[in-house]
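Asks: What follows is a predicted structure for the sequence shown.
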There are 2 protein chains.
Amino acid sequence: MSIYIDPEVAASLRGYEVPERLGFGTAMAPIMFRAVYQDGCWSQGELIPYAPLSIDPAAKVLHYAQSCFEGMKAYRTQAGGIALFRPEKNAERMAFSAKRLCMPPVPESLFLDAVRTVASYCANLVPGNSGESLYLRPFLIGTQADLTVSASSSYEFYVIASPSEAYHSGSMRLWVEREDARAAVGGTGDAKVGGNYAASLLSVGRLKERGYDQSLWLNPSDRNSVDELSGMNFFAVIEGTLHTPALTGSILEGITRYSLLELAESLGYQVVEESIPVDRLLSQIASGSCTEAFACGTAAIISPISVIGDAEHCYELQQAPGPVAEALRQALLDIQEGRAEDRFGWMQAVEPASF
Amino acid sequence: MSIYIDPEVAASLRGYEVPERLGFGTAMAPIMFRAVYQDGCWSQGELIPYAPLSIDPAAKVLHYAQSCFEGMKAYRTQAGGIALFRPEKNAERMAFSAKRLCMPPVPESLFLDAVRTVASYCANLVPGNSGESLYLRPFLIGTQADLTVSASSSYEFYVIASPSEAYHSGSMRLWVEREDARAAVGGTGDAKVGGNYAASLLSVGRLKERGYDQSLWLNPSDRNSVDELSGMNFFAVIEGTLHTPALTGSILEGITRYSLLELAESLGYQVVEESIPVDRLLSQIASGSCTEAFACGTAAIISPISVIGDAEHCYELQQAPGPVAEALRQALLDIQEGRAEDRFGWMQAVEPASF
């Protein structure tokens, strides 16, 4: 289905000045994509100027958090073109998240058309320094105005975009969160839905007062094995081998996570996906057998971890970033930015729109 | 602080016709209350016409579910006046929910002014048959436009209202939900936040296909003891004694729940608040020692339960509604609707506004 391009789009883009200081996810591109689901059907997609949404005060998304989202990036490549990284994986995961909340999945073709169209029209907004990108945020919300606790009958799907700096979290100090949980066993931890993030805010607020940066979430079933950070997956290098928690149902399956696993194997690293009991991990850091740890996600790609601590102890990693984190980050970024051969077929070129 | 009354409010109310078929929470009153939190301060409250909200596409509420709400009712009393039921309890709970998601609590005085003002201006919309009410929905949303996973810097607080029929769920068939969870241990189950409701939708969708009406959620820690229904607390009458699960941290502390506990004791019932293992409950239903079960909440007050089932069995309650449920429902409604003396001091009269 063709996409309707609002006549105001060109003027919005021409009149837009990219801010000097970008930050990450704060400066918004002046256009967005919208499609509406009603009576069992998706409308034609539209590219329109970025503007506030008109949402009924009784809409399900505002009361019952019926919403899911994705995070992905368009990169400026070495050759000067624009490319998306594995967008079909985001389409697939967003369909999974939607089903978990009884929302109609956005059809893959609509999703891909949407992100390609936004990237294509925003081609001039994709910043060009290594690590910078156009961050894309597809999201789906339940809009029916009805206070009954039930799935919405109508939905809106948007893609907004943000020209962004490299995401520098610095090297992170992690707090082992032994009280709160971001998601339940049998909950929504493996779906990219708002409630997981809302539930995580209090923990992060508390640990900042203690001088830490992020929560290290434990599995809500055993309260012992490592699950993930809020929005990032966890990796550790233990006696030279790369370890990451096996998926438990409460871990979000990161696209960076499984791309790194594939990449690491191809680079000759031994890779282990299995449960990581946190107390064993802490003693491995203390004894020096765990030499580095890092988190991965779309925004930062790889963020080194310098410290993992709890109320009693504070364990310092030997190297942050360590050599494995640096090698993997560079290898992935080289593919994403077109400096290395795309031997996995991960990148999809986007033709800049002319308007 | 005085409330600003928009000049359009009077015309909106005069031009409004209450629909013939009300339903519950579907017909919205034509006015609403709004207050805005920015730079650490609450704005003056405003009573304005009901209208779509203008929300930035990057607002935190749409992505990270930073929102909480309350449900409460204004009743038409026997004497023709309007009264709210324990509104200070809703104010207190909403402050608790807000803090769980790092949102600024709405000050009690602002909350109470808001619900009183809406009820006062909507006095003519409060339907008069027993069981009917003006359902009030206060809610608080994070509005900052910024894709960072962090607490919003700005918030909007609204109270919308819906003239509503008596909420007849009929007698409900409950499915013991042994797979999914609505909230985690250390999660948000004891706060009235959207994510709990979003997480519950899939279970409810599944059980409807099996001929059931509501999920009976188990404690996410032991996966065995009864927690609650989605949005309602659970009660059972076992050998003449009224049982309800003790609060576990994943149960929402219902205002109807503790009002019924107080009322039941005053009516001479023995009341027990302790863990209810679901398998024991099922065998007590099978053996006949559990004679009735019901759920309670603001909307329905009391909803009788006719069946509790799972994949293997289907246990029928002897009476639905049973005599205890009927006696308690009537006693509470008699207080709420002013037919019985308000001996607990629960009701707060609201003077109808003249405009």
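Replies: Thanks, I have the structure now.
Asks: ok, residues contacting stretch A:5-18?
Replies: For stretch A:5-18, the surrounding residues in contact (Cβ atoms under 8 Å, 6 or more residues apart in numbering or on different chains) are A:27, A:29-31, A:46-50, A:121-122, A:124-125, A:127, A:163, A:355. Quick note: C-beta positions are derived from backbone N, CA and C, even for glycine.
Asks: got the end-to-end distance for it?
Replies: 22 Å (Cα to Cα, to the nearest Å).
Asks: can you narrow the contacts of stretch A:5-18 to ones near chain B?
Replies: Among the contacts of stretch A:5-18, proximity to chain B is found for A:Tyr50 (Cβ under 8 Å from any Cβ of the partner chain).
Asks: Can you select the buried ones among the contacts of stretch A:5-18 for me in ChimeraX?
Replies: Burial among these is assessed by 16 or more other Cβ atoms under 10 Å in any protein chain shown; the matching ChimeraX selection reads:
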select /A:27,29,30,31,46,47,48,49,50,121,122,125,127,163
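Asks: Out of the contacts of stretch A:5-18, which is nearest to chain B?
Replies: Set against chain B, the nearest of the contacts of stretch A:5-18 by Cβ to the nearest Cβ is A:Tyr50 (6.8 Å).
Asks: Check whether the closest one really touches A:Ile31, as I assumed.
Replies: Yes: between A:Tyr50 and A:Ile31 there is a contact under Cβ atoms under 8 Å: 5.7 Å.
Asks: Could I get the contacting residues of the residue positioned nearest the centre of chain A?
Replies: Centroid-nearest residue in chain A: A:Gly71, 4.1 Å away (criterion: Cα atoms, centre = their mean). Neighbouring residues of A:Gly71 by Cβ under 8 Å, 6+ apart: A:Asn90, A:Tyr135, A:Leu136, A:Arg137, A:Lys192, A:Gly297, A:Thr298, A:Ala299, B:Leu147.
Asks: Helix, strand, or coil at A:Phe139?
Replies: At A:Phe139 the chain is in strand, as set by DSSP: H, G, I helix; E, B strand; the rest coil.
Asks: Can you check the pLDDT for the residue nearest to the centre of chain A?
Replies: Confidence at A:Gly71, expressed as pLDDT, is 98.
Asks: quick one: A:Thr51 from chain B, how far?
Replies: Residue A:51: Ala, not Thr. A:Ala51 is 8 Å from chain B, where distance means Cβ to the nearest Cβ, to the nearest Å.
Asks: Just to check, A:Trp42 is in contact with A:Val36?
Replies: Yes: under the criterion of Cβ under 8 Å, A:Trp42 makes contact with A:Val36 at 7.4 Å.
Asks: Mutual contacts of those two, please.
Replies: In contact with both A:Trp42 and A:Val36: A:Phe157, using Cβ under 8 Å, 6+ apart.
Asks: ok, A:Ser153 - how many residues close by?
Replies: When neighbours are counted by other Cβ atoms under 10 Å in any protein chain shown, A:Ser153 registers 15.
Asks: Would you map out the domains in chain A?
Replies: In terms of domains, chain A is parsed into A:4-164, A:172-321 (source: automatic domain parsing).
Asks: secondary structure class for the residue in the stretch 151-300 of chain A positioned nearest to chain B?
Replies: Relative to chain B, the nearest point of the stretch 151-300 of chain A is A:Gly195 (2.2 Å; Cβ to the nearest Cβ). For A:Gly195, the assignment made with three-state DSSP gives helix.
Asks: mind checking how far it is from B:Ser67?
Replies: Distance check for A:Gly195 against B:Ser67: by Cβ to Cβ, to the nearest Å, it reads 10 Å.
Asks: Same question for A:Cys314.
Replies: With Cβ to Cβ as the criterion, A:Cys314 and B:Ser67 are 35 Å apart.
Asks: A:Ile31 too?
Replies: For A:Ile31, the distance to B:Ser67 - Cβ to Cβ - is 27 Å.
Asks: Backbone torsions only: list them for the nearest residue to A:Cys68 once chain neighbours are set aside.
Replies: Distances taken as Cβ to Cβ, 6 or more residues apart in numbering or on different chains put A:Ser97 closest to A:Cys68, at 3.7 Å, once the chain neighbours are dropped. A:Ser97 adopts backbone torsions of phi -60, psi -40, taken as degrees, to the nearest 10.
Asks: okay, now A:Ser97: neighbour count?
Replies: For A:Ser97, the count of nearby residues is 22 (other Cβ under 10 Å).
Asks: Could I get the contacts of A:Gly71 in CSV, plus columns for secondary structure?
Replies: Listed next are those as CSV, based on three-state DSSP:
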residue, secondary structure
A:Asn90, helix
A:Tyr135, strand
A:Leu136, strand
A:Arg137, strand
A:Lys192, coil
A:Gly297, strand
A:Thr298, coil
A:Ala299, coil
B:Leu147, coil
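Asks: quick check, A:Val115 in a strand?
Replies: No: if the criterion is three-state DSSP, then A:Val115 is helix and not within a strand.
Asks: State the pLDDT value of it.
Replies: For A:Val115, the predicted pLDDT is 98.
Asks: ditto for the one 3 residues further on
Replies: Looking at A:Val118, its pLDDT stands at 98.
Asks: try A:Gly231
Replies: Reported pLDDT for A:Gly231: 89.
Asks: if we can go back for a sec, which one of the contacts of A:Gly71 is nearest B:Ile305?
Replies: Nearest to B:Ile305, judged by Cβ to Cβ, of those is A:Lys192 at 35.0 Å.
Asks: That closest one touches A:Ser67, doesn't it?
Replies: No: assessed by Cβ under 8 Å, A:Lys192 is found out of contact with A:Ser67, at 9.9 Å.
Asks: More neighbours: these two, which one.
Replies: Between A:Lys192 and A:Ser67, counting by other Cβ under 10 Å, A:Ser67 is the more crowded of the two (31 against 25).
Asks: so what's that one up against?
Replies: So A:Ser67 contacts A:Val61, A:Leu101, A:Phe139, A:Leu140, A:Ile141, A:Gly142, A:Val193, A:Gly194, B:Leu62, B:His63, B:Ala65, B:Ala198 (Cβ under 8 Å, 6+ apart).
Asks: Now with 6 Å, please.
Replies: A:Val61, A:Ile141, A:Gly194, B:Leu62 (Cβ atoms under 6 Å, 6 or more residues apart in numbering or on different chains).
Asks: That one bridge partners, please.
Replies: With DSSP bridges as the criterion, A:Ser67 is bridged to A:Ile141.
Asks: Nice, that's everything, thank you.
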